[in-house]
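K.L.:
return a 3D structure for these sequence lines:
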Amino acid sequence: MHFSDANQPLFVISVAAELAEMHPQTLRQYDRMGLVTPSRLPGRARRYSQRDVERLQQIQRLSHEGVSLEGIKRVLQLENQVDALQSRVRELTAELQHARDQLEESSRIFAAGLGGDVVRLGRGQRPAARKYSRALMLYDPERRGPAR
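P.N.:
Below you'll find the model as predicted:
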């Protein structure tokens, strides 16, 4: 079963229990323990999402493998922590790439050609005497001084 938003609360407890192949009372117990936290409607009725059902199935697999409910709770907490850390790594990687792009953009070197045109030079590249009249030196933050 596939839904466009796996976090959308769709299923009443009886349907979620059937999908997870569990008794509804088991779902209530897992809710009290904090293993699965379904959404609540104004009348306190539980609504389970596809992600909740997948978590229930994971709990059932771990339980059948002999992991205690407290152990399962710890496994789920650690998985949530790993997911959060992976998300943060993706954010920081994007920020780092953006900073590198800005640094690259700000440390370019240009030269004026003999015809008055502006030509971009690569990092570490010097203008050839016969091609360019003079290099326009920009600040190079990596060298903490004029770019060369």
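K.L.:
quick one: least confident helix or strand in this protein?
P.N.:
strand 132-136 (a mean of 48; mean pLDDT, DSSP states H and E).
K.L.:
would you map the strands across the chain?
P.N.:
39-40, 46-47, 109-113, 118-121, 132-136, 139-140, 145-146 (DSSP state E).
K.L.:
mind checking how far the residue most central in space within the chain is from Arg55?
P.N.:
Closest residue to the average C-alpha location of the chain: Ser87 at 3.1 Å, with CA atoms, centre = their mean. Ser87 is 18 Å from Arg55, where distance means CB to CB, to the nearest Å. Where C-beta positions appear, they are placed from N, C-alpha and C, glycine not excepted.
K.L.:
buried set for stretch 75-94?
P.N.:
Within stretch 75-94, the residues that count as buried by 16 or more other CB atoms under 10 Å are Leu76.
K.L.:
what's the single longest helix in the chain?
P.N.:
Scanning the chain for the helix with the most residues, using DSSP state H, yields helix 69-106.
K.L.:
what separates that one from the chain centre, distance-wise?
P.N.:
Here the centre of helix 69-106 is set off from its chain's centre by 6 Å, with CA atoms, centre = their mean, to the nearest Å.
K.L.:
can you tell me which residues contact the closest residue to Gln58 other than its chain neighbours?
P.N.:
For Gln58, ignoring the flanking residues on the chain, the nearest one in space by CB to CB, 6 or more residues apart in numbering is Leu76 at 7.8 Å. Contacts for Leu76 (CB atoms under 8 Å, 6 or more residues apart in numbering) come out as 35, 55, 58-59.
K.L.:
go through those residues and flag which are in helices.
P.N.:
55, 58-59.
K.L.:
how close does Glu65 get to Ala17?
P.N.:
21 Å.
K.L.:
and the two? Which one has more around it.
P.N.:
A direct count of neighbours by other CB atoms under 10 Å for Glu65 and Ala17 places Ala17 higher, at 20 against 9.
K.L.:
could you verify my assumption that the more buried one touches Gln29?
P.N.:
No. Here Ala17 does not reach Gln29: they are 11.5 Å apart, not a contact under CB atoms under 8 Å.
K.L.:
dump the contacts of Leu76 into JSON lines; add neighbour count as well.
P.N.:
Putting the contacts of Leu76 into JSON lines (neighbours: other CB atoms under 10 Å) gives the following:
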{"residue": "Leu35", "neighbour count": "18"}
{"residue": "Arg55", "neighbour count": "19"}
{"residue": "Gln58", "neighbour count": "17"}
{"residue": "Ile59", "neighbour count": "24"}
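K.L.:
perfect, that will be all.
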